[in-house]
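Student: here you go, sequence then predicted model.
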Amino acid sequence: MPVLAATFRIFNTRTRQVEPVDPVTPGKLRFYSCGPTVYSYAHIGNFRSFLSADLIYRTARAAGLDVSYVTNVTDVGHLTLDDLSDPAGEDRMVKALNSKEGEQFANIWDLARYYTKVLIEDWKSLNLLEPTVRPRATDHIREQISAVQQLLESGHAYETDKGIYFDVSKFAAYGELSGNTDAVELAPTERNIVTDDQKRDSRDFALWKKDSAHLMQWYSPWGWGFPGWHIECSVMSMSYLGEEIDIHAGGEDLIFPHHECEIAQSESLTGKTFARHWVHTRFLQVEGQKMSKRAGNFYTVRDLISPQEEGGRGIDPLAVRMTLMSGHYRKPFNFTFETLKANIRHRQRFEEAMAQVQLAQKQALAGPDELGKPLARLRERAFGAMLDDLNTPEALAAAIEGVKLILSVGKTINASSSASASDWLKTINRLLGIVSAEYEEIKRSEASDFGKKVELLIEERKQARSSRDFTRADAIRDSLSAMGIALMDTPEGVVWKRLSNLD
Ligand code: AMP
Ligand code: ZN
């Protein structure tokens, strides 16, 4: 039975209530999610926000919507948070280039390219689906300049010696999204530009910054400079998705000023509602504390998933994904190693269930389908939970229960039950992305030097076993385990995986 798209309900920050997703064009969802500034490796907090976007995408598709999903890469530097106290603050990308890690890059463009590549690798590792378009801010400078020009012409913006500003007094709904209404609360938007005595109102925010000394600069009708941060998302959203979109998402810190400013600019340009639904993910903490390098609880995705020989912890990326999904996106999330360990175990059971299903398909035992009905109920439960404001804890609970059920049938699972189990695993994977990551499999089979060595040892062990030299075979298994490799016997032969140092 097809599910009506209107049953997808999600909280709208603008109206402060859970509302059905009601696309401008029935059956089609236009969705924009703010991506990262590529000045460093993305951390698990960043990825919790990107994961919410991925789950909106997956759920909307499962609900039968034709989704256009755009998420950008901010490859233009913007000022650091510190610039409130340091008005001449460097931007994040320049700061990164000047740091120790920055020494490896020829210039700022090279740095942006490198961290964009890394972002996409981590994205795939955590099994986030590729968006329909992933635009880069620097590919859209022309449109940004043109939008600023239009805002000047329509009287929504003004020029000073230092830049172009949006005149907040010209947009009555300013402050509606964030609920910030008094001038003091709205003032932090000035952080987007150095203090400027010619600014008419401290609430006004920068659309363009004149700066002929900056490392990233473009020529504009106002001379050399670079765009304000907010204008890029307005422009990229409108370029790819049109003037009115259905959902715009990001982390909670983006509600103000970023999204408030995006609304002001875009709606002043078009006179239309820029986005119907605003969805924000609450921040992640680690072991109950704000994540910070100084506190020693700062984790990039790489820190967790890279193999141990590359300095990481070798954790299954999908266990990281499950952990990030284990709390509801609208509640502050506490990432703990206890939860991570529990999810590593859950993931192993998913792997076991898949191996069992593959084995059953080979054995092809006769018998009635014992799993079809109960698994269908669990699939509906997981799907229903996702449609209900992305209730990931409930969806995960249903998925874990399904795996338990499959494993409870044991090795004698018959062909028809295993066909139901196989379908169910595929559907759950499409919805939640936790069963198998295509990308990981590709990476595993890549002929890296390390991989080749492992494959050779596995072959040697196979030969030792076939000539019944079990002492030698065990010794090889031990040396593989010392290399951080675990072997699993499957119907397709021996496969290997990297052990995590939490195993
Ligand atoms: P940035 O690169 O700082 O613009 O951040 C990229 C995305 O990550 C934004 O949507 C932020 O809201 C989000 N983000 C940053 N820190 C966290 C955190 N600790 N928890 C959740 N989301 C975060
Ligand atoms: Zn944005």
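Tutor: Right, received. Where do you want to start? Ligands and ions are numbered 1, 2, ... in the order given.
Student: the residue of the stretch 301-450 of the chain found nearest ligand 2 sits in which helix or strand?
Tutor: Residue nearest to ligand 2 within the stretch 301-450 of the chain: residue 329 (17.4 Å; Cβ to the ion). C-beta coordinates here come from the backbone N, C-alpha and C atoms, glycine included. Using DSSP states H and E, residue 329 falls within no helix or strand.
Student: need phi/psi at the nearest residue to residue 375 once chain neighbours are set aside.
Tutor: Spatial nearest neighbour of residue 375, chain neighbours left out: residue 424 (4.2 Å); criterion: Cβ to Cβ, 6 or more residues apart in numbering. The phi and psi values for residue 424, taken as degrees, to the nearest 10, are phi -60, psi -40.
Student: and the pLDDT at residue 424?
Tutor: Residue 424 carries a pLDDT score of 97 in this model.
Student: now it: how far from ligand 1?
Tutor: When Cβ to the nearest ligand atom, to the nearest Å is applied, the distance between residue 424 and ligand 1 equals 31 Å.
Student: related to what we said a few turns ago, the residue of the stretch 301-450 of the chain closest to ligand 2: neighbour count?
Tutor: Residue 329: 27 surrounding residues under other Cβ atoms under 10 Å.
Student: so it touches residue 392, yeah?
Tutor: Yes. Proximity of residue 329 to residue 392 meets the contact threshold set by Cβ atoms under 8 Å, at 7.1 Å.
Student: what sits in contact with each of those two?
Tutor: residue 55 (Cβ atoms under 8 Å, 6 or more residues apart in numbering).
Student: could you list the domains of the protein?
Tutor: 9-281, 286-432, 449-498 (automatic domain parsing).
Student: tell me the secondary structure at residue 342.
Tutor: helix (DSSP: H, G, I helix; E, B strand; the rest coil).
Student: for it, give its distance to ligand 1.
Tutor: Residue 342 sits 21 Å away from ligand 1, going by Cβ to the nearest ligand atom.
Student: so which bits of the chain are right by ligand 2?
Tutor: Within the chain, the positions adjacent to ligand 2 are 34, 233 by Cβ under 5 Å from the ion.
Student: where's residue 71 relative to residue 406, distance?
Tutor: Remark: distance between residue 71 and residue 406 (Cβ to Cβ, to the nearest Å) = 34 Å.
Student: any residue of the host helix or strand of residue 56 up close to ligand 1?
Tutor: Using DSSP H and E, residue 56 sits in helix 44-62. Yes. Applying Cβ under 6 Å from any ligand atom, one finds that helix 44-62 is in contact with ligand 1 at 45, 46, 48, 49.
Student: mind listing what's buried in the following helix or strand past that helix?
Tutor: Proceeding N to C from helix 44-62, the next assigned helix or strand is strand 66-71, under DSSP H and E. For strand 66-71, burial by neighbour count (16 or more other Cβ atoms under 10 Å) applies to 67, 68, 69, 70, 71.
Student: cool, and stretch 155-172?
Tutor: Quick answer for stretch 155-172 (16+ other Cβ under 10 Å): 156-160, 162-168, 170-171.
Student: who's residue 489 bridged to?
Tutor: Counting by DSSP bridges, residue 489 forms beta bridges with residue 494.
Student: what does residue 68 give?
Tutor: Using DSSP bridges, the bridge partners assigned to residue 68 are residue 30.
Student: separation between the nearest residue to residue 53 once chain neighbours are set aside and residue 197?
Tutor: Of all residues not flanking residue 53 in the chain, residue 33 sits nearest, at 3.6 Å (Cβ to Cβ, 6+ apart). Here residue 33 is placed at a distance of 37 Å from residue 197 (Cβ to Cβ).
Student: higher neighbour count, the two?
Tutor: Comparing residue 33 with residue 197 by other Cβ under 10 Å, the one with more neighbours is residue 33, at 25 against 7.
Student: mind listing what that one touches?
Tutor: 49, 50, 53, 56, 69, 70, 71, 131, 248, 249, 250.
Student: what about the third one, how many neighbours?
Tutor: Residue 53 is flanked by 25 other residues according to other Cβ under 10 Å.
Student: pLDDT score for it?
Tutor: In this model, residue 53 is scored at 98, pLDDT.
Student: that one and residue 247 touch, don't they?
Tutor: No. Taking Cβ under 8 Å as the definition, residue 53 is not a contact partner of residue 247, at 9.0 Å.
Student: mutual contacts of those two, please.
Tutor: With contacts taken as Cβ under 8 Å, 6+ apart, residue 53 and residue 247 have residue 31 as neighbours in common.
Student: okay, and the beta partners of the residue of the stretch 201-350 of the chain with the smallest separation from ligand 1?
Tutor: Closest residue of the stretch 201-350 of the chain to ligand 1, Cβ to the nearest ligand atom: residue 251 (1.8 Å). Note on residue 251: beta-bridge partners by DSSP bridges are residue 281.
Student: OK, contacts around it?
Tutor: Residues in contact with residue 251 (Cβ under 8 Å, 6+ apart) are 34, 45, 46, 48, 49, 280, 281, 283.
Student: any idea which helix or strand in the protein has the lowest mean pLDDT?
Tutor: Taking mean pLDDT, DSSP states H and E as the measure, the chain has helix 438-445 as its least confident helix or strand, at a mean of 50.
Student: quick one: name whatever helix or strand follows that helix.
Tutor: Downstream of helix 438-445, the first helix or strand assigned by DSSP H and E is helix 449-466.
Student: which parts of that next one are buried?
Tutor: Buried residues in helix 449-466, defined by neighbour count with 16+ other Cβ under 10 Å: 450, 454, 457, 458, 461, 464.
Student: tell me which other helices or strands it touches.
Tutor: Helices and strands touching helix 449-466, by 3 or more Cβ pairs under 8 Å, 6 or more residues apart in numbering; DSSP states H and E, are helix 470-482, strand 485-490, strand 493-498.
Student: mind doing that once more with 10 Å?
Tutor: helix 438-445, helix 470-482, strand 485-490, strand 493-498 (3 or more Cβ pairs under 10 Å, 6 or more residues apart in numbering; DSSP states H and E).
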